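[1] With the input below, show me the fold.
(2 chains)
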Amino acid sequence: GAGVSQSPRYKVAKRGQDVALRCDPISGHVSLFWYQQALGQGPEFLTYFQNEAQLDKSGLPSDRFFAERPEGSVSTLKIQRTQQEDSAVYLCASSRALDYEQYFGPGTRLTVT
Amino acid sequence: AQKVTQAQTEISVVEKEDVTLDCVYETRDTTYYLFWYKQPPSGELVFLIRRNSFDEQNEISGRYSWNFQKSTSSFNFTITASQVVDSAVYFCALSGGHGGSQGNLIFGKGTKLSVKP
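    Numbers count the residues shown, from 1 in each chain, chains lettered A, B, ... in the order given. Model (predicted):
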């Protein structure tokens, strides 16, 4: 079956612009995670959904970051008024249940100029 | 707090050598899960293994093997007879139940493995 897909793969934004990153999880996976990966670092947790419920958003770095998964499938990570420090790869992962292996998408590389 | 340490930043070997990637973790949870992921130059993280804290049996999958030792809080990964295609960054990760944050992965900084022909 299809894996996790993310779009766009690359995004260049000018400082101050809003961006929206999309994640399509594996069909039937109830858990969906967003991570941020800076260059040369491991991914860092941003937020987590169980179906449509956002159960943990403790990793979101500021109130400029917002995520949603309204129908329990596709998720969108929105960043308002982008800053240079937001430049990173944003990874989406899904799993069939908590603590099971997470399958990652290819990521969206965001560059803020 | 939960933490994963991968002390080896970069390792370079020649093809056919065996190589071990170290992973040490910290957690106060009694139930937790450990993972290894591979991130090749293409960038996509590839799941390799998941191990729960109650299963200390070592696992072998082809040229890959994992050694889990709770006494030393380590979960090391060995590649036998390495190949050029094994060149990638390898991440060790930890998850565990703690309040409402069950399931998110805590990653180490990764070990970059270069296998030269």
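[2] drop to CA atoms for contacts and neighbour counts, all remaining ones
    Will do.
[3] show me what contacts residue 93?
    Since no chain was named, I'll use chain A. A:V4, A:P25, A:L32, A:F33, A:W34, A:Y35, A:Q102, A:Y103, A:F104, A:G105 (CA atoms under 8 Å, 6 or more residues apart in numbering or on different chains).
[4] Switch to chain B, please.
    Taking CA under 8 Å, 6+ apart, one finds B:V4, B:L34, B:F35, B:W36, B:Y37, B:L105, B:I106, B:F107, B:G108 in contact with B:A93.
[5] What residue, apart from its backbone neighbours, is nearest it spatially?
    Leaving aside its sequence neighbours, B:A93 sits nearest to B:F107 (CA to CA, 6 or more residues apart in numbering or on different chains; 4.3 Å).
[6] Can you give me the distance of that neighbour to A:Y35?
    Using CA to CA, to the nearest Å, B:F107 is found at 10 Å from A:Y35.
[7] and what of A:S75?
    13 Å.
[8] how about low-confidence regions in chain B?
    Counting by pLDDT under 70, chain B shows low-confidence ranges at B:97-102.
[9] change it to 80
    B:1, B:96-103 (pLDDT under 80).
[10] residues from it in reach of chain A?
    Counting by CA under 8 Å from any CA of the partner chain, chain B comes close to chain A at B:33, B:35, B:43-47, B:49-50, B:91, B:95-96, B:100-110.
[11] try 10 Å this time
    Within chain B, the positions near chain A by CA under 10 Å from any CA of the partner chain are B:9, B:32-37, B:42-52, B:89-97, B:100-112.
[12] Please indicate which of these are buried?
    B:32-37, B:44-47, B:49-52, B:89-97, B:101-112 (16 or more other CA atoms under 10 Å in any protein chain shown).
[13] picking up where we left off before, and the two most separated of the contacts of B:A93?
    With CA to CA as the measure, no two of the contacts of B:A93 lie farther apart than B:V4 and B:Y37, at 13.3 Å.
[14] Give the residues shared as contacts by the two.
    Counting by CA atoms under 10 Å, 6 or more residues apart in numbering or on different chains, the contacts common to B:V4 and B:Y37 are B:F91, B:C92, B:A93, B:F107, B:G110.
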